[in-house]
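> Next come a sequence and a model predicted from it.
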Amino acid sequence: MATIEGLHKAPAGGAHTGDQPGVKVLDRVAALERADGDAQLLGRLARIFMDDWPRLRSDLANAVASEDPQALARAAHTVKSALGNFAAAGAFEAAKRLELMGRSGDLVDVKEAAQHLENEVERLNSELAGLAAVVQ
Amino acid sequence: MKVLVAEDDRTSRYLLESFLMKWGFEVVVANDGSEAWRELRLTDAPRIAILDWMMPGMEGVEICRKIREHAAESYTYVILITAKGQKEDVLQGLEAGADDYLTKPFDPSQLRARLRAGTRILEANETLRAEIAERKRAEQALMQSEEHYRLLFEASPHPMWLYDSETRAFLAVNDAAVEHYGHSRQEFLAMRVDEIRAPDRPSGILDAIGRIPAAESLQPQKCRHRKKDGTIIDVEIRSHPILLAGKSAELVLADDVTDRKMLEEQFRQAQKMEAVGRLAGGVAHDFNNLLTVINGYSQITLDHLGSTDPLREKIAEIKKAGDRAAGLIRQLLAFSRQQVLAPRVLDLNAVVVGLEKMLRRLIGEDIELVTQAAPALGRVKADAGQIEQVIMNLVVNARDAMSKGGKLVLKTANSELDEDFARQHPPTLPGRYVMLAVSDTGCGMNAETRARIFEPFFTTKEPGKGTGLGLSTVYGIVKQSGGYVWVDSELGQGATFKVYLPRVEESVELTQQAKTGAPLPKGSETVLIVEDDASVRLLARQVLESNGYTVFEASQGEEALLFCKQHNGPINLLLTDAVMPQLSGPELAKQLVPLRPQMKMLFMSAYMDKATVQHDVLDAGMAFLQKPFTPDTLVRKVREVLDGS
């Protein structure tokens, strides 16, 4: 419980994005709820995501580079699924936007959208590292 | 419970796996769709599959479709995971056969509740499957037992059927019923049970049979049925009420007892004839002694009366009545098979030819007499006189049945009676016989008359017209000759009497004509009479003394024995009753032979007791005098024995 309390009071200042005011980078309470209140489990999830991210990012980059909408949709979907577990609304929405682009085949703003997702995940990193830190 | 988690995203997969393990499930994971499908096709595959919709290799909805297409041992409960708000996906997933869905990101408590629901459904499904399997087993067992009972019904050697208690229509019949009654199965099923009942049964009884209470229904009911060809059979019915598809029905087992009843009837008839025969024989024995005295003294008295004596006519009437009574007694003895027969080998054709002229006179001009003599007819061994008596009695009987004229056929034939015939006509023995048939075209007779036709004193003629002894005499003579007599007749259809005598292979013997009418031979020898009946003893003494003989008498064997020992003079002849209390005639004779080896012996009796008379006298070739005797026959017989070597 001490861990949960600690999480709640964690550096709240950095949890807000400049682009989307009022939306937290990661809603720790919601994230913990999704892990059924298990901070250890949440920490392990964070670590898994951080480990996976380079591969996921390269899948996305490849899809963007090759302008393959199907591959883009699939890669973005996977990222979106993973982010959904952390109640990371900004990153989640960014992944979702890319997935929809892939589905619709409208790749006009795809590079900008991909960059936005990268930035969001970049901002999320310190939060995830914080979650992962509680893992024993 | 084993659960498959198919999710390409490691994070989500790890989260799900962690939850499931925490909740006590056994977890199998798959990184993509193809791996998931492989896992689901293994034996002991996961019962619940949590499938991510979008996966490389194979999408969740595709796996779902494949699971449902693939007939598996047990049901797989499928939960699809979709992105939030994609309503079309949800519908498509459910159409593809998913049982439930979850949206990402999922709420753990909701996932847990949905897994519980899935588990419940699987367990209910399991119970249902077990119940169905059990029911199938039970159905199979029932079918098997039904098959057994159907076999019992079908293969029963007795006719069986099932009929509706209300409509009385046949519901089922077995092969034995079809075979026995002659109706096809289709015909039976279009009939009602009453249609096989013989029509002469009163309807009241029929109704009563229909209402037999269950407790009494195991007692066989006797009734008469009619086969398709019209034959009436006697059956014993066992009926049992049963419920068939909610309707009350009767299960019936029928036992054809026609043959058994007929044999029982014949057996009863044979026993009755035997009993009546014994009774008649006993009566005849007593009457013979009385008649010997009555007739003997009448004769003696007549011999002493002058031709103009006023008493002569009266005594002659007594004598005539006595003679008639003696005739009746002879017939009774014939019936009870206690006559002395003189069997010899005969040709029945010759006997018939010898009688033909007399028979024509006997039957009159209105009746045509036809004789059909079989060529190469076998021989029989019988008493010629008695066989003539048989033919005459049958012819007279036929004549009396044809008061308005008709045709009378006398037929002879060789006949072989086989095992079948013997079984149906007890106590017939199978073998070679010579048959003599007497047929008429007269009034015939019904079954009741037929059954009693050979009983003594049974007659259908008006009082005073017949003695009721004619056919009983036929019966007795035929029986005593080792043969059988049967009658075939229906009312209004005439009658045929068939006499079967055992065929013998010896050749015909020539007859010796007895001398009658010659003057009575006198004598001077000494005769010892042994007779327990005092009147017969006295009569014999007076007859013999009046013809010159010296006579001594004894009332029983011991007395005779003593006399023979003490008497000094000669005794030329022992005239003894064969059947006496204490010492019998033959026993007495045996004891006297060493004492008086020269003494001749003559036995007399009316009663043909097998042990004493038949065996010790007739079979031993001893001289014999049948009672009642007339003084004439006594005197002639005594002379004959004394003169014999």
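Cool, the structure landed.

> Leaving out the residues flanking it, which one is nearest to residue 67?
Went with chain A since none was named. residue A:107 (5.7 Å; C-beta to C-beta, 6 or more residues apart in numbering or on different chains). Where you see a C-beta, it was placed from the backbone N, CA and C, and this is true even at glycine.

> The chain in question should be chain B.
residue B:76 (5.2 Å).

> Pull out the buried positions in the one helix or strand residue B:410 maps to.
Using DSSP states H and E, residue B:410 sits within strand B:406-417. Within strand B:406-417, the residues scored as buried using 16 or more other C-beta atoms under 10 Å in any protein chain shown are B:406, B:408-413, B:415, B:417.

> Would you reformat these as a markdown table and include distance to chain A and pLDDT?
A markdown table is the format used below for the buried residues of strand B:406-417 (distance: C-beta to the nearest C-beta, whole Å; pLDDT from 0 to 100):
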| residue | distance to chain A | pLDDT |
| --- | --- | --- |
| B:406 | 121 | 91 |
| B:408 | 123 | 94 |
| B:409 | 119 | 94 |
| B:410 | 123 | 94 |
| B:411 | 117 | 94 |
| B:412 | 120 | 94 |
| B:413 | 114 | 94 |
| B:415 | 111 | 92 |
| B:417 | 107 | 90 |
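
> Now flag whichever of those residues is closest to residue B:177.
Set against residue B:177, the nearest of those by C-beta to C-beta is residue B:417 (33.3 Å).

> That closest one reaches residue B:427, doesn't it?
No. Between residue B:417 and residue B:427 there is no contact under C-beta atoms under 8 Å: 11.9 Å.

> Mind checking what secondary structure the closest residue in space to residue B:470 that isn't next to it in sequence has?
Leaving aside its chain neighbours, residue B:470 sits nearest to residue B:393 (4.3 Å; criterion: C-beta to C-beta, 6+ apart). What DSSP: H, G, I helix; E, B strand; the rest coil gives for residue B:393 is helix.

> likewise residue B:376?
With three-state DSSP as the basis, residue B:376 sits in coil.

> Looking at it now. What's its pLDDT?
On the pLDDT scale, residue B:376 is placed at 88.

> ok, back up a step: partners of the strand holding residue B:410, with directions?
strand B:367-372 (parallel), strand B:431-440 (antiparallel) (DSSP bridges).

> so where's chain A shaky on pLDDT?
Residue ranges of chain A with pLDDT under 70: A:1-23.

> can you check chain B too?
In chain B (pLDDT under 70), the answer is B:84-86, B:199-218, B:337-341, B:463-466, B:509-518, B:608-612, B:645.

> Around chain A, pick out the residues from it.
B:7-12, B:14-15, B:18-19, B:22, B:52, B:54, B:56, B:83, B:104-109 (C-beta under 8 Å from any C-beta of the partner chain).

> where exactly do the helices run in the stretch 451-600 of chain B?
With helices called from DSSP state H, counting those that start in this stretch, the stretch 451-600 of chain B shows them at B:470-480, B:534-546, B:557-566, B:585-595.

> can you list contacts of the shortest one?
Just to be clear, that refers to helix B:557-566. Contact with helix B:557-566 is made by B:528, B:530, B:552, B:554, B:571, B:574, B:576, B:580, B:582-585, B:587-588, B:591-592, B:595-596, as judged by C-beta atoms under 8 Å, 6 or more residues apart in numbering or on different chains.

> could you give the angle of that helix to helix B:585-595?
Here helix B:557-566 runs at an angle of 10 degrees relative to helix B:585-595 (axes from the mean of the first three to the mean of the last three C-alpha atoms, to 10 degrees).

> Next, the buried residues of helix B:557-566.
In terms of neighbour count (16+ other C-beta under 10 Å), helix B:557-566 has its buried residues at B:557, B:560-561, B:564.

> if you look at the residues of chain B next to chain A, which of them are in strands?
Residues from the residues of chain B next to chain A lying in strands, with DSSP state E as the criterion: B:52, B:83, B:104.

> so the first one bridges to which residues?
Beta-bridge pairing of residue B:52 under DSSP bridges involves residue B:81.

> where does it sit relative to residue B:363, distance-wise?
In this view, residue B:52 and residue B:363 are 122 Å apart by C-beta to C-beta, to the nearest Å.

> likewise the second one?
Between residue B:83 and residue B:363 the distance, using C-beta to C-beta, works out to 127 Å.

> Please apply the same query to the last one.
Residue B:104 is 127 Å from residue B:363, where distance means C-beta to C-beta.

> one step back: of the ones in strands among the residues of chain B next to chain A, which is the most crowded?
In terms of neighbours by other C-beta atoms under 10 Å in any protein chain shown, those top out with residue B:52 at 29 neighbours.

> That one reaches residue B:11, doesn't it?
No. Look at residue B:52 against residue B:11 with C-beta under 8 Å: they stay out of range, at 11.8 Å.

> between those two, what contacts are shared?
Contact criterion C-beta under 8 Å, 6+ apart; residues shared by residue B:52 and residue B:11: residue A:81.

> Please list all residues in contact with residue B:319.
For residue B:319, the contact set (C-beta under 8 Å, 6+ apart) comprises B:295, B:298-299, B:302.

> Please, where are all the helices along chain A?
Taking DSSP state H as the test, the helices found in chain A are A:2-8, A:28-34, A:39-65, A:69-84, A:89-104, A:110-132.

> Tabulate those in CSV, adding columns for mean neighbour count and distance to residue B:62.
Listed next are the helices of chain A as CSV, based on neighbours: other C-beta atoms under 10 Å in any protein chain shown; distance: least, C-beta to C-beta, whole Å:
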stretch, mean neighbour count, distance to residue B:62
helix A:2-8, 13, 40
helix A:28-34, 19, 28
helix A:39-65, 18, 22
helix A:69-84, 24, 14
helix A:89-104, 21, 18
helix A:110-132, 18, 27
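
> Mind telling me which residue of the stretch 501-645 of chain B is nearest chain A?
For the stretch 501-645 of chain B and chain A, the shortest gap (C-beta to the nearest C-beta) falls at residue B:502, measuring 115.2 Å.

> Quickly note the distance from that residue to residue B:346.
Separation of residue B:502 from residue B:346 (C-beta to C-beta) stands at 12 Å.

> neighbour count winner among the two?
residue B:346 (21 against 18).

> So what does that one have for phi and psi?
With angles defined as degrees, to the nearest 10, residue B:346 sits at phi -130, psi 150.

> List the residues that contact it.
By C-beta under 8 Å, 6+ apart, the contact set of residue B:346 is B:379-382, B:384, B:387, B:508.

> mind running it again at 6 Å?
Counting by C-beta atoms under 6 Å, 6 or more residues apart in numbering or on different chains, residue B:346 touches B:380, B:382, B:384.

> which residues does it form a beta bridge with?
Bridge pairing for residue B:346 - DSSP bridges - gives residue B:380.

> Distance of it relative to residue B:389?
Between residue B:346 and residue B:389 the computed distance is 13 Å (C-beta to C-beta).

> go on, residue B:447?
From residue B:447 across to residue B:389, the span is 27 Å (C-beta to C-beta).

> Looking at these two, which has the bigger crowd around it?
Set side by side, residue B:447 and residue B:389 show more neighbours around residue B:389, with 19 against 10, by other C-beta under 10 Å.

> wait, is that one part of a strand?
No. In this structure, residue B:389 is helix, not part of a strand, as judged by three-state DSSP.

> Residues of chain A that sit close to chain B?
Remark: the part of chain A in contact with chain B comprises A:34, A:36, A:41, A:45, A:48-49, A:52, A:77-78, A:81-82, A:84-85, using C-beta under 6 Å from any C-beta of the partner chain.

> What is the nearest of these to residue B:143?
Of all these, residue A:36 has the smallest distance to residue B:143: 54.3 Å, by C-beta to C-beta.

> on that earlier part again, what's in contact with the very next helix or strand once past the strand holding residue B:410?
Per DSSP H and E, the first helix or strand lying C-terminal to strand B:406-417 is helix B:419-424. With C-beta under 6 Å, 6+ apart as the test, helix B:419-424 has contacts from B:428, B:430.

> Would you confirm that residue A:64 contacts residue A:107?
No. Using C-beta atoms under 6 Å, residue A:64 is not in contact with residue A:107; the gap is 7.9 Å.
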